[in-house]
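Trainee: curious how this folds, go ahead:
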Amino acid sequence: SLFIDSQQVRMEFGSAGLELLVLDTRTPHALVDSEYATRRASCAEATRLLGIAALRDVTDLDSAMRELPDPVIRRRVRHVVTE
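Mentor: Got it, this is the predicted structure:
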């Protein structure tokens with residue numbers, strides 16, 4: 001697995017002998033009414049509650065878990081941060 005930090009501009013794959021291939025399939029996606037949209041909204045709510053810009057900014061997961069009242073949001077945050 002490869003962690004790609006899309007907020008950091010510089011990414012060097014060549015030194016590890018890797019290449020990155022990006023494809024645009026031009027396939028339309030209807031994510032507005034999907035479970036994806038619901039999960040994304042939960043993550044946005046978590047960042048609001050935690051006072052951070054993005055879940056990548058969570059530095060203490062245990063502390064963050066204590067600040068989140070909703071068990072569904074806690075589960076989603078744990079997944080994003082530890083995945």
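Trainee: strands of the chain, start to end?
Mentor: Assigned by DSSP state E, the chain shows no strands.
Trainee: residue 33: how many residues sit nearby?
Mentor: Neighbourhood size, residue 33 [other CB atoms under 10 Å]: 8. Every residue, glycine included, has its C-beta placed from N, CA and C.
Trainee: what residues are up against it?
Mentor: For residue 33, no residue meets the contact criterion (CB atoms under 8 Å, 6 or more residues apart in numbering).
Trainee: any idea how far it lies from residue 41?
Mentor: 12 Å (CB to CB, to the nearest Å).
Trainee: same question, residue 78
Mentor: 17 Å.
Trainee: more neighbours, the two?
Mentor: residue 78 (15 against 12).
Trainee: correct me if wrong: the more buried one contacts residue 68.
Mentor: No. Residue 78 is beyond contact range of residue 68, at 9.5 Å (criterion: CB atoms under 8 Å).
Trainee: neighbours of residue 68, how many?
Mentor: 19.
Trainee: okay, residue 76: pLDDT?
Mentor: Residue 76 carries a pLDDT value of 96.
Trainee: skipping adjacent residues, who's closest to it in space?
Mentor: Spatial nearest neighbour of residue 76, excluding adjacent residues (CB to CB, 6 or more residues apart in numbering): residue 42 at 4.9 Å.
Trainee: any idea how far that neighbour lies from residue 35?
Mentor: 10 Å.
Trainee: how about residue 17?
Mentor: Applying CB to CB, the value for residue 17 to residue 35 is 36 Å.
Trainee: hmm, back to that, more crowded one of residue 42 and residue 35?
Mentor: Taking neighbours as other CB under 10 Å, residue 42 and residue 35 compare with residue 42 leading, 18 against 8.
Trainee: what's the pLDDT at that one?
Mentor: Residue 42 is given a pLDDT of 96.
Trainee: next up, the contacts around it.
Mentor: 70, 72-73, 76.
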